[in-house]
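Participant: A structural model of the following input is requested.
(4 chains)
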Number of protein chains: 4
Amino acid sequence: MTWSEKAWERVSPIYAKILEMPFNAELSNGTLPKEKFIFYLAQDAYYLLAFGRTLSTISSRMQDADLVLAFAGFSTGAIFAERSLHESYFVEFGLDSEVHPRPSTLLYTNYILSEAAYANVEVAVAAVLPCFWIYKAVGDSIFSRQEGDQNPYKRWIDMYAGVEFAIAVEKAITITDQLAALANAETQEKMWLAFEMATRLEWMFWNSAYEEEKWKI
Amino acid sequence: MTWSEKAWERVSPIYAKILEMPFNAELSNGTLPKEKFIFYLAQDAYYLLAFGRTLSTISSRMQDADLVLAFAGFSTGAIFAERSLHESYFVEFGLDSEVHPRPSTLLYTNYILSEAAYANVEVAVAAVLPCFWIYKAVGDSIFSRQEGDQNPYKRWIDMYAGVEFAIAVEKAITITDQLAALANAETQEKMWLAFEMATRLEWMFWNSAYEEEKWKI
Amino acid sequence: MTWSEKAWERVSPIYAKILEMPFNAELSNGTLPKEKFIFYLAQDAYYLLAFGRTLSTISSRMQDADLVLAFAGFSTGAIFAERSLHESYFVEFGLDSEVHPRPSTLLYTNYILSEAAYANVEVAVAAVLPCFWIYKAVGDSIFSRQEGDQNPYKRWIDMYAGVEFAIAVEKAITITDQLAALANAETQEKMWLAFEMATRLEWMFWNSAYEEEKWKI
Amino acid sequence: MTWSEKAWERVSPIYAKILEMPFNAELSNGTLPKEKFIFYLAQDAYYLLAFGRTLSTISSRMQDADLVLAFAGFSTGAIFAERSLHESYFVEFGLDSEVHPRPSTLLYTNYILSEAAYANVEVAVAAVLPCFWIYKAVGDSIFSRQEGDQNPYKRWIDMYAGVEFAIAVEKAITITDQLAALANAETQEKMWLAFEMATRLEWMFWNSAYEEEKWKI
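Facilitator: Reported below is the predicted structural model:
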């Protein structure tokens, strides 16, 4: 069993709960209230910038040129996605270009930024994997469940099923498995824990959007 | 007006709310339920370890020997406090030595760890200042409000009023003002924003303890 | 006078000495001994990997999405250059794919890696600028001085004059000037000092190749 | 065989050469020219500041409170040593308080700073160990070889044999062995390579002092 197979097994209870979230169900069938979608888009743009910075940090900590290149490329991809959100949906919905992160967004972004800067690099890689893999799986599920051409979120959903993102996800899983194969049992366990934590933070991110989470203070 | 005077002014609405929190009121008069106190202690131990690591990062990013020394000394102080929690209260209350952080704890620890690693160093210093200053002010307030010798938290409260911590707080404020005096207006503003964010996270930390916050997933 | 104009002025004595170096003169007229060229290529490959990692670190420390993207893109460019060295010249000359850095190479790579990780980000940007700008200027000079089609290094020299690299250099200078314009005088001075140090290390890098520098121990 | 026993075996040829260096022989018998000693003191002060910063970075990257504390304490020790150089010898010899590092000094300081920021933490620990262990062994050797009360460097030599430093060295070796025992073979090899590189840089540091190394540009 590869590290990633075991990783998926460990997060499957959380993944199952993510699929059942009202946010994703209502996105699929087009009933998601527009303000929840807009909340999500703005927080996602904030997230993507931090995700790109995290991937750049991981790039800097690699010693193999192919891996330095892979993560700099992932970073570029994340920032392009962020830019495209700003240039399409932000304009369409009249959003401010500056986004104020809500607690669950900051909880997730600072978790991955910290892991990238402080942890051993294999653990940092495991911490960013859910944003590739869980996101892709959820996207595929929403794409397959979507109903009717009238879904106002169709354009967004179609993007989920993009080939380019699919290739990046495959590559990220492969790299993580290669690093895990060279790591000892203690490091592999830390990698699983980081993968689980980030998966949990994925759930919280969507939940925050659905609840339109506010700062209590 | 110094940077720190303005900083205090900017957070005074949040500070006022912190003083009014039931956690602090009940700690003062001894009515705080024991399980809330224990929750707090465990999360505080987790926090202090991350605070120490953050202070070490800041130490490493200084170029002046006195500042490298000051922050390495602050780090040492934070870890001694963490150690003393484990060796006294953890034993007294039969707590596990390993602590699982709750969301608000992680939100705060990863915020300061990230700022220390990524931001310009003046901003990182501003982000750790509330844990010195707000904490000290709240501690003094609780100390002055405490009632009766029967307060089960008396030993804890007395520690708040320690001279050693007071000296460290003074030093941290002085250093921050010195760095701010050399910084331009844009950097000073970023420093205030970091100070405000960390003060907000102080409120959330105490609130989390009072609510015995749980992971939703 | 922009920061970069002043920067160029400050390093002009070192730059003049770089242009006069026998390495560059002999590269231009084709008389450079092949073993010195090979030494240079191997060390340059080592350098480019570290340069790419440094650029990724800078990317991670930016807060503006355009700058995160710019430096991740620069990193990608550096690693592509490193890859192309390995896939062309390394094969042609039968070089080992693993390179052992000589002292002057390590002196330069660890300088930029450290600045990127520890210094305020404007200073880190200034420290990597010579590898864009000085390198480009020297390349242009060699290109304009080259003699005859028989020069065995013609292919290499032509690459120096590439349009793609020219665009990256322009962009790096522009970004540095923008950051300098927002910085105070003290930071600008630190930026000039970093720019000068890295220019000095450029000279030492070429000198190391010409002398085929060895470890004394 | 522990990791440290093997480490010592691997660097023994370099260590033997360090003991034979004229710098150390002449320091022992008091014939070292005063200007070489002064050169050394100034570069050592520069080194110690960077060493302290490096130890703070390592402190920040530990997850165990005892190790966070140990490295923050080592950092404090390094900065105290730096301060004491400034307050005693710098005054005695009328040295500038600001030191300009020579190439071999920068080669060493940026090597350890970079390893601390980028490498996995076990490797970073191995990279700083020679500055404890080799330095202590050389100090003990000089102490045991010193001749006569007329040696002008007696005060300096006596400091080498301090009990406090001996305890720190023991602790650093023990910690490194503990980390190595948990690491896999690939990581242990990287640790040995880092230990060897830093030992080589120790030789170069002393050699630089004896030659009163200058910048070529």
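Participant: Run through who's touching the helix or strand of chain A with the lowest mean pLDDT.
Facilitator: Every helix and strand of chain A was ranked by mean pLDDT, DSSP states H and E. The lowest is helix A:154-160, at a mean of 79. For helix A:154-160, contacts defined as CB atoms under 8 Å, 6 or more residues apart in numbering or on different chains pick out A:27-28, A:30, A:89, A:136, A:139-140, A:142-143, A:146, A:151. All C-beta atoms are positioned from the backbone trio N, CA, C, and that covers glycine.
Participant: From chain D, how far out is the most centrally placed residue in chain A?
Facilitator: In chain A, the centroid-proximal residue (CA atoms, centre = their mean) is A:C131; its distance is 2.4 Å. According to CB to the nearest CB, to the nearest Å, A:C131 stands 22 Å off from chain D.
Participant: Now do that residue against chain B, distance only.
Facilitator: Distance from A:C131 to chain B, by CB to the nearest CB: 16 Å.
Participant: Likewise for A:T199?
Facilitator: Distance from A:T199 to chain B, counting by CB to the nearest CB: 9 Å.
Participant: Can you read off the pLDDT for that residue?
Facilitator: pLDDT, A:T199: 98.
Participant: next one: A:G148
Facilitator: pLDDT, A:G148: 69.
Participant: Hmm, A:L95 and A:I38 touching each other?
Facilitator: Yes. At 6.7 Å, A:I38 counts as touching A:L95 under the criterion of CB atoms under 8 Å.
Participant: Around chain D, pick out the residues from chain A.
Facilitator: Within chain A, the positions lying close to chain D (CB under 8 Å from any CB of the partner chain) are A:60-61, A:118-121, A:182-184, A:186-187.
Participant: which of the residues you listed tops the neighbour count?
Facilitator: The most crowded member of those, judged by other CB atoms under 10 Å in any protein chain shown, is A:S60 (30 neighbours).
Participant: Up against chain B, what does chain A have?
Facilitator: Near chain B, when you scan chain A using CB under 8 Å from any CB, you find A:14, A:17, A:53, A:103-104, A:106-107, A:109-111, A:113-114, A:117-118, A:200, A:203-204, A:207, A:215-217.
Participant: which ones are touching the residue nearest to the centre of chain A?
Facilitator: Each residue near A:C131 by CB under 8 Å, 6+ apart is listed here: A:51, A:112, A:198, A:202.
Participant: What pLDDT does the model give A:A209?
Facilitator: pLDDT recorded at A:A209 is 97.
Participant: give me the number of residues near it?
Facilitator: Neighbour tally, A:A209, other CB under 10 Å: 25.
Participant: Could you check which helix or strand contains the nearest residue to it once chain neighbours are set aside?
Facilitator: Leaving aside its chain neighbours, A:A209 sits nearest to A:Y40 (3.8 Å; criterion: CB to CB, 6 or more residues apart in numbering or on different chains). A:Y40 is part of helix A:34-61 when elements are defined by DSSP states H and E.
Participant: same check, this time on A:S97
Facilitator: Using DSSP H and E, no helix or strand contains A:S97.
Participant: Touching, A:H86 and A:D44? I think so.
Facilitator: No. The pair A:H86 and A:D44 does not pass the contact test of CB under 8 Å, sitting 10.9 Å apart.
Participant: three-state assignment of A:D149?
Facilitator: Of the three states, A:D149 takes coil under DSSP: H, G, I helix; E, B strand; the rest coil.
Participant: Can you give me the distance of it to chain B?
Facilitator: From A:D149 across to chain B, the span is 34 Å (CB to the nearest CB).
Participant: got it, and A:F143?
Facilitator: 23 Å.
Participant: try A:G77
Facilitator: Taking CB to the nearest CB, one finds A:G77 at 20 Å from chain B.
Participant: Quick one: the helices in chain A, in order.
Facilitator: A:3-19, A:22-29, A:34-61, A:65-85, A:91-92, A:103-118, A:121-145, A:154-160, A:163-182, A:185-211 (DSSP state H).
Participant: ranking the ones you listed by mean pLDDT, which is last?
Facilitator: Looking at those, the weakest mean confidence is helix A:154-160, a mean of 79.
Participant: follow-up on the earlier one: give me the buried subset of the residues of chain A next to chain B.
Facilitator: Using 16 or more other CB atoms under 10 Å in any protein chain shown as the burial test, those include A:14, A:53, A:103-104, A:106-107, A:109-111, A:113-114, A:117-118, A:200, A:203-204, A:207 as buried.
Participant: which bits of chain A sit near chain C?
Facilitator: Residues of chain A lying near chain C (CB under 8 Å from any CB): A:49, A:52-57, A:59-62, A:65, A:68-69, A:71-73, A:75-76, A:79-80, A:82-83, A:86, A:116.
Participant: between the contacts of helix A:154-160, which is nearest chain D?
Facilitator: Proximity to chain D was ranked across those by CB to the nearest CB; first place goes to A:K136, at 28.4 Å.
Participant: count of neighbours near that closest one?
Facilitator: A:K136 has 21 nearby residues by other CB under 10 Å.
Participant: and it, what is it in contact with?
Facilitator: A:160, A:165-166, A:169.
Participant: buried subset of those?
Facilitator: A:160, A:165, A:169.
Participant: ok, now how distant is A:A117 from D:F51?
Facilitator: 21 Å (CB to CB, to the nearest Å).
Participant: Same check on A:L41?
Facilitator: Distance from A:L41 to D:F51, by CB to CB: 48 Å.
Participant: Give me the more crowded residue out of these two.
Facilitator: Using other CB under 10 Å, the more surrounded residue of A:L41 and D:F51 is D:F51, with 25 against 21.
Participant: quick one, what contacts the more buried one?
Facilitator: If you count contacts by CB under 8 Å, 6+ apart, then D:F51 has D:78, D:109, D:112, D:128, D:131 around it.
Participant: okay, the residues you listed in a markdown table with distance to D:I175 next?
Facilitator: A markdown table is the format used below for the contacts of D:F51 (distance: CB to CB, whole Å):
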| residue | distance to D:I175 |
| --- | --- |
| D:A78 | 16 |
| D:T109 | 22 |
| D:I112 | 16 |
| D:V128 | 11 |
| D:C131 | 14 |
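Participant: Now the terminal residues of stretch A:136-155, how far apart.
Facilitator: Across stretch A:136-155, the terminal residues are separated by 16 Å (CA to CA, to the nearest Å).
Participant: now that stretch, how far from the chain's geometric center?
Facilitator: Stretch A:136-155 sits 17 Å away from the centroid of its parent chain (CA atoms, centre = their mean, to the nearest Å).
Participant: what comes up buried for it?
Facilitator: Under the neighbour-count criterion of 16+ other CB under 10 Å, stretch A:136-155 has A:136-139, A:141-143, A:146, A:151, A:153 buried.
Participant: Same question for stretch A:56-64.
Facilitator: Within stretch A:56-64, the residues scored as buried using 16+ other CB under 10 Å are A:56-62.
Participant: Then stretch A:192-200?
Facilitator: Going by neighbour count (16+ other CB under 10 Å), the buried part of stretch A:192-200 is A:192, A:194-200.
Participant: And the furthest pair within those?
Facilitator: A:W192 and A:R200 (12.5 Å; CB to CB).
Participant: Surely A:F23 is in contact with A:F37?
Facilitator: No. At 9.1 Å, A:F23 does not count as touching A:F37 under the criterion of CB under 8 Å.
Participant: ok, so of the buried ones among the contacts of A:K136, who is nearest chain C?
Facilitator: Of all those, chain C sits closest to A:F165, with 17.1 Å by CB to the nearest CB.
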